[in-house]
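**Q** predicted model, plus sequence, below.
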Amino acid sequence: MSLSLFSLNIEADKHKGSVEAYLKTNEPDVVFLQEVYKIHAQAWATQFGYHLSFAPHVDFNIYEHIFKPLGEWGIATLTKLKPTKVKIDYYTEPPVVIPHEFMKTKKHPRALLVTELAADTTHYTFATTHFTWALTTDADVAQREDYQRFQTLLDQIPSFVLAGDLNADRTSMVYKELAHRYQDHLPPDLSSTLDPVLFRKPELKLVVDHLFSTADYKISNVQVLTGLSDHCGLSATISK
């Protein structure tokens, strides 16, 4: 049995209509969302028949830039099948304190959200994150330190599919380390996953959203989708 996967950084609440339309039309089996408010993820889970797993990064109670005081904001996984196991691990420097401000916070917590599913007799493990932002095109000190903790968590999972906004271009240390260990399923000639119209700097071209897996997964029908958010969406068919 194969499962359809969709991953997108939705830029808070700026593209709700596009996200809802995609979910309604395509009904992917597994959905990864980054920069999502929990209240919106909960609403979509109810509306479209998903089970929701959520990891907060910030709990907004003031208005900051595009981020409205709508409560918990972070990463979400929605699955048509009921998960057999969900695990959330924060790989940023402890102690983990979910802040109420974003712009004044040098670095907020980041989580690895792992969801296990059983489809017929096949076991699937899906992992997503919105990785630490780097100040340069290569990893800065904070990103390097977080990557070591992040990789330690991945080392504990023998088999998985990983997708999300990794804030790491293909020239970066983070990408090179992951590509050395796992299979990269995006087209090798892909020049950017930043939406050419909706991203705030249309001239900027970076591949920062990624799709990796361990060797036991077969990933097919990979598409890079524009017009949904300031980042491109990634969709694929997953089998083993």
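**A** Received, thanks. Residues are numbered from 1 along each chain as shown.

**Q** do a quick rundown of the strands in this protein.
**A** Along the chain, counting by DSSP state E, strands occupy 3-9, 30-37, 51-60, 71-79, 85-90, 111-119, 122-130, 161-165, 183-184, 209-213, 218-225, 233-239.

**Q** turn those into JSON lines, including mean pLDDT and distance to Arg200.
**A** The way it works is simple: take the backbone N, C-alpha and C, and place the C-beta from them, glycine included. Formatted as JSON lines, the strands of the chain follow (pLDDT from 0 to 100; distance: least, CB to CB, whole Å):
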{"stretch": "strand 3-9", "mean pLDDT": "98", "distance to Arg200": "13"}
{"stretch": "strand 30-37", "mean pLDDT": "98", "distance to Arg200": "13"}
{"stretch": "strand 51-60", "mean pLDDT": "97", "distance to Arg200": "20"}
{"stretch": "strand 71-79", "mean pLDDT": "98", "distance to Arg200": "18"}
{"stretch": "strand 85-90", "mean pLDDT": "98", "distance to Arg200": "28"}
{"stretch": "strand 111-119", "mean pLDDT": "97", "distance to Arg200": "25"}
{"stretch": "strand 122-130", "mean pLDDT": "98", "distance to Arg200": "17"}
{"stretch": "strand 161-165", "mean pLDDT": "99", "distance to Arg200": "15"}
{"stretch": "strand 183-184", "mean pLDDT": "98", "distance to Arg200": "26"}
{"stretch": "strand 209-213", "mean pLDDT": "99", "distance to Arg200": "16"}
{"stretch": "strand 218-225", "mean pLDDT": "98", "distance to Arg200": "19"}
{"stretch": "strand 233-239", "mean pLDDT": "98", "distance to Arg200": "18"}
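
**Q** tell me the most buried of these?
**A** Most buried of the strands of the chain, by mean neighbour count (mean count of other CB atoms under 10 Å): strand 30-37, with a mean of 27.

**Q** next, the contact list for Val208, please.
**A** By CB atoms under 8 Å, 6 or more residues apart in numbering, the residues touching Val208 are Asp165, Leu166, Asn167, Ala168, Asp169, Thr193, Leu194, His231.
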